[in-house]
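Chemist: Just a sequence and a predicted model for now, questions to come.
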Amino acid sequence: MTTVTIQEAQSRLTDLIHRLSPGEEVVITENDQPVARIVPTSVGAKKTARQLGTMKGSVLYMALDFDAPLEDFKEYTR
């Protein structure tokens, strides 16, 4: 963990960001008190497009009264 003051972070921000490696962090302090933290984003968090139909056939049983009103809510449906 690297600790720098706000003034150092302002002058070296690009360098601090490019030197970050996974799991490392930079703590920015003001008056010897931590005020911010710079951490690298996870590289492997790429989102892939969803593919339709991947769950097809996964519902093996559905009750006959699946879409019937619930007993607890009958007074609200009148």
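Modeler: Nice, thanks for sending it over. Numbering: from 1, shown residues only.
Chemist: Residue 10 is in what secondary structure piece?
Modeler: Using DSSP states H and E, the secondary-structure element containing residue 10 is helix 6-19.
Chemist: How about that helix, which residues are buried there?
Modeler: In terms of neighbour count (16 or more other C-beta atoms under 10 Å), helix 6-19 has its buried residues at 9, 16. To be clear about C-beta, it is placed using only N, CA and C from the backbone, and glycine gets the same treatment.
Chemist: separation between the nearest residue to residue 30 once chain neighbours are set aside and residue 28?
Modeler: Leaving aside its chain neighbours, residue 30 sits nearest to residue 6 (5.2 Å; criterion: C-beta to C-beta, 6 or more residues apart in numbering). As judged by C-beta to C-beta, to the nearest Å, residue 6 and residue 28 stand 6 Å apart.
Chemist: and if you look at residue 47?
Modeler: When distances are taken as C-beta to C-beta, residue 47 and residue 28 turn out to be 30 Å apart.
Chemist: for residue 77, same thing?
Modeler: For residue 77, the distance to residue 28 (C-beta to C-beta) stands at 57 Å.
Chemist: quick one: which of these two has more around it?
Modeler: More crowded of residue 77 and residue 28, by other C-beta atoms under 10 Å: residue 28, with 20 against 7.
Chemist: And the strand or helix carrying that one, what's buried?
Modeler: Here residue 28, judged by DSSP H and E, is contained in strand 26-30. Applying a neighbour-count criterion of 16+ other C-beta under 10 Å, one finds 26, 28 buried in strand 26-30.
Chemist: Appreciated, that's everything.
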